[in-house]
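Participant: Show me the folded form of this:
(2 chains)
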Amino acid sequence: MTWLKTLAAKLRAVWNGEAVHHDIDEEMQFHIRMRTQENIERGMSPDDARRNAEERFGNEGRIKEQGWDVRGGGWLETMWQDIRYGARMLRKHPGFSLMAVLTLALGIGANTAIFSIVNGVLLRPLPYPEPDQLDTVFQQNSEMNRFGISVADFLGMEKEYARIGSVAATSPRAVTLTGGERPEQIKATFATSGYFKTIGVNPARGRAFVPGEDRPEKDPVVVISHGFWQRHLGGSAETVGRRLTLDGVSYTVIGIMPQDFVAPSSTTPDLWPILQLQTPKRRGPFTLRVIARRNPGVSEQQGRAELQRIAREVFTQWSNTFPDVNATYVSTPLKQALVGNIGTTLLVLLGAVGCVLLLASVNVANLLLARASTRQQEIAIRAALGAGRLRLVRQLFTESLLLALLGGAAGLLLAVWGVDTLLALSPENIPRMDQVKVDGYVLGFAGLGTFLSCLVFGLVPALYNVNPDLGEPLKGGGRGSAEVPGRRRLRDLLVILEFALALPLLVGAGLMINSFMRLQQVKPGFEPDHLLTVSLPLPALKYPKDEQAINFHQELMRKVQTLPGVQSASLGANLPLDSGNTNDFELEIRPTPPGQSSEVAEFNPVSPEYFRTLGIPLLKGRYLTEQDNAEAPPVTVVSETFAKRYFPGEDPIGMRLKTGGCTECDWTTIVGVVGDVKNGGLGAEDTPAMYCPFVQESFTIRMMTLVLRTEGDPLSFVSAVRREVNGIDPDLALADVKSMDQLMSESLGQSRYRGVLLGIFAVVALTLAAVGIYGVIAYAVSQRTREIGIRIALGARKGHIFRMVVGHGMILSLIGVAIGIAASLMLTRFLSSLLYGVSSTDPLTFTSVVLLLISVALAACSIPARRATRVDPMIALRYE
Amino acid sequence: MAKAKNNLLQGTLDMLVLKALSLGPMHGYGVGQRIQQISDDVLRVEEGSLYPALYRIEQQGWIESEWGVSDNNQQAKYYKLTRQGRKQLQVEEENWGRLAGAIFKVMATT
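Facilitator: Model prediction:
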């Protein structure tokens, strides 16, 4: 408490020193008056009394000072003086201050912005109670092949996992909401009754699902999001208990989620209808996503072991329909599953902005060092007047701290604005972006960045600027006297450091941009322009029989085909670039050995026109035709990679296979081979693919996507398509309306994001490095004006002077570049997982970046070099 | 050594100031006079030591000050012992007693 009082007293003394001085003075005067009076009482004359009192008191000024030593501000006062002095210096050199603050703001701002994204996406815990107990569960039968959970799996899991926690299954799917002005597609996640209990968040109003509600005989219920409640139901207080018609089924609204609820998926849906699980007849299909919560104290390993035990149990129960003994349940922490592979991108970006901040700090350090010479005299005078070395360092450092704080504050503003821009730029498939905000951690990071950068650019110059030798600067008048050699070496070193830092950034950006350009040139295997895609989910309630769905699709195709401007129309269950729908299969000629996992291929049920609409070339055999209908023998068309991988040196036409582990099904005959399509995204390898007639595959028949090839802008056909769809079924809504160009662009999203951001940072780095070397060389020229004048007077040619100045800069930049190349070779391997088509040590990228950096250095040096050649020897010599 | 001696003297002055103030609130001049009177003019407190000592003790929280009116109707700054100061005085008195006793014993040996 005492120190608090002392601090308060010091603060008061700093804030209002006058009052304290006055207080002391009054007290002393009173003392002298009292003594005088006493002397008079003892019989002295008033004058003598006064004089005696003053004499006895002693040196009034000294005593007051001693009092001030105790009661004054002490170190606080010194600091305040330093701050005021520093602020005055910064105001006196607005150009320098602005430059330094802007540079720092750029560095700190970029770091803070990127960090706030890293914080939101990678660091923040999931917004659920005890988030570390949450896992996602999937199935895998080999390192490479992961797939979902089936109803049969889940029912077994639900019963057994209860001993150590709880599980819930979800199935994301858009639903059609009817009953409003026109049918509308709403994002929904169907979930089993344990869903809200498992993630640990309850509805803000109403109730969550209760156990057993997810069985088919129960009344369907739905929980809605706060946003849906506000937008579609006007936030009405009587919402809980009212009914919504989704896909033709009437659901009772039982709960409304809190406003800030975020679902454990890449986007938060508007509706959570109950997922009613039919009693399974076979093990597959594997389409559910499962979330598990381990009870407190149950470790991840224990959870995984328990899942494997359950897997063995479920396997024996269903072994007749699913013979793959390698398949087992595997869990990963939910957060890791949500974040996915974006982590590397973000860490690379964070590393890049870290470099930018370091560069910015080095540049400011350079500016400060350059200014030091003009301040040498001032510092020498202060030292001569008795300022200690520590005191001077502290004062210079305070000045730097002021710069850093200004830069930090401006950087924070820049970051708040920058985060919005980064979010706007970011591709939609970056998860958890909605968690990004400027919070305490981000502020702390900005503070740390400010402090660290200040250490770099503040302390080094402060230490170097305080020159213990007082005589020289005073004698030399500050100008023209040669710079302290140590300081010049330091400045040279800083330039080298800048180039060494800038090069890896430029190389990284170069590799990213190179990858992006290569990705853009990848042939997707079809012609993506002028294609419109519209998905058409058909509610099972209204289309219970396959024929009804087939009839709907065929009628729709007949109608849209005749629309003016539509060249062809077709259907596919999946679209290229983002399909991920696979099926296992077994070849007639090479049966899977018992207990082995069967082969897996992309699986896409399509209409016959699909290939011509997308422009996928036929290589062998025939396309699918209208004659391959539901009654006809099952046929399939396979991709080139499929043919090459499974029938090397053989003719695949006429070969037979069975899909989906269905042992009782008829053999499917391969009738044709088509070109490869990039199904897993533009950067993905070509994978084997099978295309079967959609009319023969009842599993996907209610979730087909319409693909139209149009003349002109494909998106201008949307309203015509909607008219045709609603002409057949007025209750259907269009979902995921996109042009194929948009899908292509989305597939490039992350790559473009990386390229653009790293590109921006690299440009900043290049600019900082250029400014840095320019500053150093220009300064060196101004220091050597006299020497250069003498050289010219003695007959040195302009070319020679030019080469001499540029040579100095080139040596520095070349050393920096050499270090930078070594650093890049070490660093870029962390990028390799993000690159496409270029190696992380791509010589072309390295060479061009080095050339770019050197030519920028050359350009930056040539300006002061030209100035040096124009030095007039007479003026230069008279200069002093 | 010089420093230790100084500290001893300074600590003694602090104790004397506290003791003087334990008799009742007083201004700086009065504190000096009181010490001088009680010691029969043996201890004369220099102004150059008195005021820094008062300020230091005040920052320790042992005394408090307030401007008031003196007997002869002048503005004067009055110091007053705090509860903490009373405790401190007790501690210092005990220490002093022990020290004085010890010195006396040493000096008394013949």
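Participant: Following element in sequence after the longest helix seen in chain A, please.
Facilitator: Longest helix in chain A by number of residues (criterion: DSSP state H): helix A:342-384. Downstream of helix A:342-384, the first helix or strand assigned by DSSP states H and E is helix A:389-425.
Participant: just checking, what packs against that following helix?
Facilitator: When contacts are defined as 3 or more C-beta pairs under 8 Å, 6 or more residues apart in numbering or on different chains; DSSP states H and E, helix A:389-425 packs onto helix A:75-92, helix A:94-118, helix A:342-384, helix A:440-454, helix A:460-465, helix A:749-783. C-beta: built from backbone N, CA, C; applies to glycine.
Participant: do you know which of those lies nearest chain B?
Facilitator: Nearest to chain B, of all the helices and strands packed on helix A:389-425, is helix A:75-92, at 13.5 Å by C-beta to the nearest C-beta.
Participant: if we can go back for a sec, for residue A:421, which of the helices and strands packed on helix A:389-425 is the nearest?
Facilitator: Residue A:421 lies closest, by C-beta to C-beta, to one member of the helices and strands packed on helix A:389-425: helix A:94-118, at 8.1 Å.
Participant: hey, C-alpha coordinates of the helix or strand just after the closest one in CSV?
Facilitator: Using DSSP H and E, the helix or strand that follows helix A:94-118 in sequence is strand A:134-140. The C-alpha trace of strand A:134-140 is given here as CSV (Å, rounded to 0.1, in the frame of the first residue of the first chain):
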residue,chain,number,x,y,z
LEU,A,134,-15.5,-33.6,-28.6
ASP,A,135,-14.5,-35.8,-31.5
THR,A,136,-15.7,-36.6,-35.0
VAL,A,137,-16.1,-40.2,-35.8
PHE,A,138,-15.6,-41.6,-39.3
GLN,A,139,-14.8,-44.9,-40.8
GLN,A,140,-11.7,-46.0,-42.6
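Participant: what packs against strand A:134-140?
Facilitator: strand A:146-147, strand A:289-294, helix A:300-318, strand A:328-333, helix A:334-339.
Participant: Just send those back as JSON lines, with distance to residue A:756 too.
Facilitator: Shown next, in JSON lines, are those (distance: least, C-beta to C-beta, whole Å):
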{"stretch": "strand A:146-147", "distance to residue A:756": "31"}
{"stretch": "strand A:289-294", "distance to residue A:756": "32"}
{"stretch": "helix A:300-318", "distance to residue A:756": "37"}
{"stretch": "strand A:328-333", "distance to residue A:756": "30"}
{"stretch": "helix A:334-339", "distance to residue A:756": "21"}
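Participant: pretty sure residue A:509 contacts residue A:766?
Facilitator: No. Look at residue A:509 against residue A:766 with C-beta atoms under 8 Å: they stay out of range, at 9.4 Å.
Participant: interface residues of chain A facing chain B?
Facilitator: A:1-2, A:5-6, A:9, A:23-24, A:26-28, A:30-31, A:33-35, A:37, A:56-59, A:62-63, A:66-67, A:69-71 (C-beta under 8 Å from any C-beta of the partner chain).
Participant: all strands of chain B, in order?
Facilitator: B:26-27, B:63-69, B:75-81 (DSSP state E).
Participant: closest one to chain A among those?
Facilitator: strand B:75-81 (5.0 Å).
Participant: Next, see if the closest one gets close to chain A.
Facilitator: Yes. Counting by C-beta under 8 Å from any C-beta, chain A has neighbours in strand B:75-81: B:75-77.
Participant: Can you say which of those are buried?
Facilitator: B:76-77 (16 or more other C-beta atoms under 10 Å in any protein chain shown).
Participant: pLDDT-wise, which helix or strand of chain A ranks last?
Facilitator: helix A:471-476 (a mean of 54; mean pLDDT, DSSP states H and E).
Participant: Domain ranges for chain A, per the record?
Facilitator: Using automatic domain parsing, the domains assigned to chain A come out as A:2-73, A:76-128+A:342-481, A:142-326, A:491-523+A:747-880, A:540-730.
Participant: Quick one: the helices in chain B, in order.
Facilitator: Going by DSSP H, chain B shows helices at B:2-22, B:28-38, B:47-60, B:83-108.
Participant: mind listing what the residue nearest to the spatial centre of chain B touches?
Facilitator: Note on chain B: the residue nearest the mean C-alpha position is residue B:17, at 1.6 Å, using C-alpha atoms, centre = their mean. By C-beta atoms under 8 Å, 6 or more residues apart in numbering or on different chains, the residues touching residue B:17 are B:31, B:35, B:50, B:53-54, B:57, B:63.
Participant: among those residues, who's most crowded?
Facilitator: residue B:54 (26 neighbours; other C-beta atoms under 10 Å in any protein chain shown).
Participant: Without its sequence neighbours, what residue ends up closest to it?
Facilitator: residue B:28 (5.8 Å; C-beta to C-beta, 6 or more residues apart in numbering or on different chains).
Participant: Just put the helices and strands packed on helix A:389-425 in CSV and tack on distance to residue A:293 and mean neighbour count.
Facilitator: Rendered in CSV, the data for the helices and strands packed on helix A:389-425 read as follows (distance: least, C-beta to C-beta, whole Å; neighbours: other C-beta atoms under 10 Å in any protein chain shown):
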stretch, distance to residue A:293, mean neighbour count
helix A:75-92, 53, 14
helix A:94-118, 26, 23
helix A:342-384, 23, 21
helix A:440-454, 26, 19
helix A:460-465, 52, 20
helix A:749-783, 30, 22
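Participant: export those helices to CSV and tack on mean pLDDT?
Facilitator: Listed next are the helices and strands packed on helix A:389-425 as CSV, based on pLDDT from 0 to 100:
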stretch, mean pLDDT
helix A:75-92, 81
helix A:94-118, 85
helix A:342-384, 80
helix A:440-454, 83
helix A:460-465, 68
helix A:749-783, 81
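Participant: Out of those, the one nearest residue A:406 is which?
Facilitator: Short answer: helix A:94-118, nearest of the helices and strands packed on helix A:389-425 by C-beta to C-beta, at 4.7 Å.
Participant: by contact count, what packs against the closest one?
Facilitator: Helix A:94-118 packs on helix A:75-92, helix A:342-384, helix A:389-425, helix A:440-454, helix A:749-783, going by 3+ C-beta pairs under 8 Å, 6+ apart.
Participant: quick one, the third one and helix A:94-118 angle?
Facilitator: Okay, so that is helix A:389-425. 50 degrees (axes from the mean of the first three to the mean of the last three C-alpha atoms, to 10 degrees).
Participant: quick revisit: mind putting the helices of chain B into a markdown table with distance to residue A:122 and mean pLDDT?
Facilitator: Shown next, in a markdown table, are the helices of chain B (distance: least, C-beta to C-beta, whole Å; pLDDT from 0 to 100):
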| stretch | distance to residue A:122 | mean pLDDT |
| --- | --- | --- |
| helix B:2-22 | 57 | 69 |
| helix B:28-38 | 65 | 88 |
| helix B:47-60 | 50 | 85 |
| helix B:83-108 | 52 | 89 |
